[in-house]
Every structure is written in C-alpha cells, then in structure tokens.
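*Asks:* Build me a structure from this.
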Amino acid sequence: MLNKILSVIVPVYGTERYITKCLDSALLATNGLDAEIIIVNDGTKDAAGKIAQKYALEYSRKIRYFEKKNGGLADTKNYGLSRAEGIFVTFLDSDDYVDVEIYRDMLWAAEQENADCVVCDMIRENEDKSWVMYDHCAALSRDDMYQKFIDSSLMASSCNKIMRRTLLEGLQFPVGMNNEDITVTPIAMGRSARIAYVPKGMYHYVQRENSIQNVKFSEKRFVVVDAVRLALERAADMPQSRQEQLKGSLYVFQILAVALYLIRKEAFFDRYYLIKAYIRRVNEILPDFFQNKEVWEYTAWGNRKNNLFRKISVFLLEKKMFLVCSVFWQVVNFLKTE
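*Replies:* Predicted coordinates:
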C-alpha cells in the first residue's frame, strides 16, 4: 500500500469547547489531499472524545481514531506518530485550528524546493480574538538555513511545520516533561538536508485562560532547563556547526527567555527567589550558559533601550546579584507604567 503524503496528528484531552472548530479546519485543510487525520484520545474525561468519534465515523476515509489511557501530551504524540503512515507528519492541538490552505501550500513548497521540512508562520490569539499576534517564524537576517528557523521563540513548535517522518526516527517526545517539543523538533530540523519557508500565518494557536502561558510562574517551569539539556544530548549526531547553532538558540530563546520575560513579571520577593533558584538550576545543568557567545550577542539585538535592559539583566544574573536584579526589574516595570 502506498503511503499517504501527510499525517495530521491531533492529541485530544479536555477540549470539548474547541475540538469541533479544530477538526472542521483540519478536514477543510486536507480536502483533496492524500492525507490522514489521526485523532488520539488521551483518556479525556469530557465530551471531546465522543465528538471526535462522531467525526471519525462520518469521515472514516480521512480520519483514524484511537483511544488510550491518559499518559499526557508527549505520550499521546508518540502514540500518534507510531501509527502515522504519511511521508510527512505534523501535529494539530485540538484547541487550535488551521487555515484552509496550510497543508496544500506547505506540501507544494516541499515539492518545489525538495525540502525535508517546511515551516509557516503562526498567529497567536485568545479565545475571543480580542488579542491577536502574528509570529514570524524565520529570522530572515540569518544566512544559514538551519539558523533561520531555530532563531525564534517558536522554533520548537511541532504544529507549524511538516516534517518527513524519517527525520523523526528514533526520536520520542519525553513522557512527563513539559516543553517536550524542544527535545524533538529542532533535532528533526537539524537532520534536514533542506528546509523551506511559507511566510504566511496559517496555524492559529489559541491561548486559553488555563494555558501554561497564562498560569502563574513557578519552579515547575524550570523543567525547560532539563528539556534543553536533553535536546543537546540528542543533537550529538548532528554536524558540529549545527550543534553549536542549536545550543546558542536554545540558550537564548528558551533559557534566557524565562529570566527576561517571565520571572521579571512576578512580585518583588517572588521574583528574587525565583531568579535565584532558576539561575542556580541553569548553572548546575548548563554550566557554560553565561560563556555562550549567542547569549551576549542577543543583548545587541533590537532597539537601544532593549539592548541596555538585556545587557544589565544578563550581567546581573551572571554575577548572581539577584537582589539587585530584582530591584532593577521593579524599577523598569514601574517606569513602564508611567
């Protein structure tokens, strides 16, 4: 039997309010394509499973439906990936949705450019669309193909990319670990001989009230450090140049981002203790973090005001001047409200 051209893997858990829009969009986006939609019910307790089953019965030629015991998102992705038959694979969260042209445009780009991986831009929005942000997912200032697509806070997303299934051989999403995409997507991209880019925002990432981006920051989020370490271990079979590129990007867009954009938003004393604990964790697991040239080069990006903010922040963090750093962010936040 010939392989499908594309497998769209949809993990399902607790999304009864959103899954109808998600699956409707997936059906429209795969209409006319030799593609399959793989729905994996991760033991959801709400009506999302029944809704998905109805779709699978009505669109049995397109949708394959599976149920499994609850094991978390990473386990569900692994389950779906192990059953995928497509030459290319992608993922679609069941509370998100896609534009009708997304997979047709990306497959066309793959064919035209003989690409192993294709990336498109994303649109982040809240549920009522009162807040919408367009995310460019390529650093066009970079000349190197791989670095163009990993120099982004969304480089790890497995949803705005189609990848040849062979790139994912031997890779498993780590079960029980948040930030699971960090350990898989950049590695698969690093194995690509060619990466293509479709500069259109066609994947809609919906930030719900209880999504991780909207939950109060805590030490549970420090798991990103472990995810980065695992990603670097998995990158060992990549060319040395790509390993270094990946390390710099992970350090900037994952590790440093937590300090600069998350911890600083906390109340003063929470900020102080979180910064101290976080940097201690970073130094233990990634001891060369503050010696990495990409971390310091990042402080020169953007406008002069942001450059100064970053330079002071990184300097204080490196010197372990956490109380001073907390005071600094307190002043910065105060001035921003004036």
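*Asks:* what element comes up after the top helix by length along the chain heading to the C-terminus?
*Replies:* Taking residue count as the measure and DSSP state H as the definition, the longest helix of the chain comes out as helix 268-285. Of the helices and strands lying after helix 268-285 in sequence (DSSP states H and E), the nearest is helix 293-298.
*Asks:* Quick one: mean pLDDT for that next one?
*Replies:* For helix 293-298, the mean per-residue pLDDT is 87.
*Asks:* What is that helix packed up against?
*Replies:* Secondary-structure packing of helix 293-298 (3 or more Cβ pairs under 8 Å, 6 or more residues apart in numbering; DSSP states H and E): helix 240-250, helix 304-318. (Each C-beta comes from the backbone N, C-alpha and C, glycine too.)
*Asks:* With mean pLDDT and mean neighbour count as new columns, can those helices be given to me in CSV?
*Replies:* CSV is the format used below for the helices and strands packed on helix 293-298 (pLDDT from 0 to 100; neighbours: other Cβ atoms under 10 Å):
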stretch, mean pLDDT, mean neighbour count
helix 240-250, 95, 19
helix 304-318, 81, 16
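*Asks:* With distance to Q172 as extra columns, can I get these in CSV?
*Replies:* Formatted as CSV, the helices and strands packed on helix 293-298 follow (distance: least, Cβ to Cβ, whole Å):
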stretch, distance to Q172
helix 240-250, 18
helix 304-318, 33
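*Asks:* To K265, which of those lies closest?
*Replies:* Closest approach to K265 among the helices and strands packed on helix 293-298 (Cβ to Cβ): helix 304-318, 13.2 Å.
*Asks:* buried residues in the very next helix or strand once past the closest one?
*Replies:* Per DSSP H and E, the first helix or strand lying C-terminal to helix 304-318 is helix 322-337. Buried positions in helix 322-337, judged by neighbour count with 16 or more other Cβ atoms under 10 Å: F322, C325, S326, F328, W329.
*Asks:* ok, now stretch 60-75?
*Replies:* By neighbour count, with 16+ other Cβ under 10 Å as the criterion, the buried positions of stretch 60-75 are K62, I63, R64, Y65, F66, G71, G72, L73, A74, D75.
*Asks:* Outside of it itself, list whatever touches it.
*Replies:* 11, 13, 23, 27, 30, 35-44, 49, 52-53, 55-56, 76, 79-80, 83, 172-177, 180 (Cβ atoms under 8 Å, 6 or more residues apart in numbering).
*Asks:* what distance separates that stretch from the middle of the whole chain?
*Replies:* Centroid displacement of stretch 60-75 relative to its chain, using Cα atoms, centre = their mean, to the nearest Å, is 20 Å.
*Asks:* CA-only coordinates of that stretch in CSV, if you can.
*Replies:* As requested, the backbone C-alpha atoms of stretch 60-75 are provided in CSV (Å, rounded to 0.1, in the frame of the first residue of the first chain):
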residue,chain,number,x,y,z
SER,A,60,-13.9,7.3,8.0
ARG,A,61,-11.9,7.6,4.8
LYS,A,62,-10.0,10.5,6.2
ILE,A,63,-9.9,10.1,10.0
ARG,A,64,-8.4,7.3,12.1
TYR,A,65,-9.5,7.4,15.7
PHE,A,66,-7.6,5.9,18.7
GLU,A,67,-8.2,5.8,22.4
LYS,A,68,-5.6,5.2,25.1
LYS,A,69,-5.1,5.5,28.8
ASN,A,70,-4.2,9.0,29.9
GLY,A,71,-0.5,9.5,29.6
GLY,A,72,0.0,13.2,28.9
LEU,A,73,0.7,15.1,25.7
ALA,A,74,4.1,13.7,25.0
ASP,A,75,2.9,10.1,25.3
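*Asks:* Check whether I9 sits in a helix, strand or coil.
*Replies:* Assigned with DSSP: H, G, I helix; E, B strand; the rest coil, I9 falls in the strand class.
*Asks:* so the closest residue to it other than its chain neighbours is in which element?
*Replies:* In space, and not counting its chain neighbours, I9 is closest to G80: 3.7 Å by Cβ to Cβ, 6 or more residues apart in numbering. Under the criterion DSSP H and E, the helix or strand holding G80 is helix 73-82.
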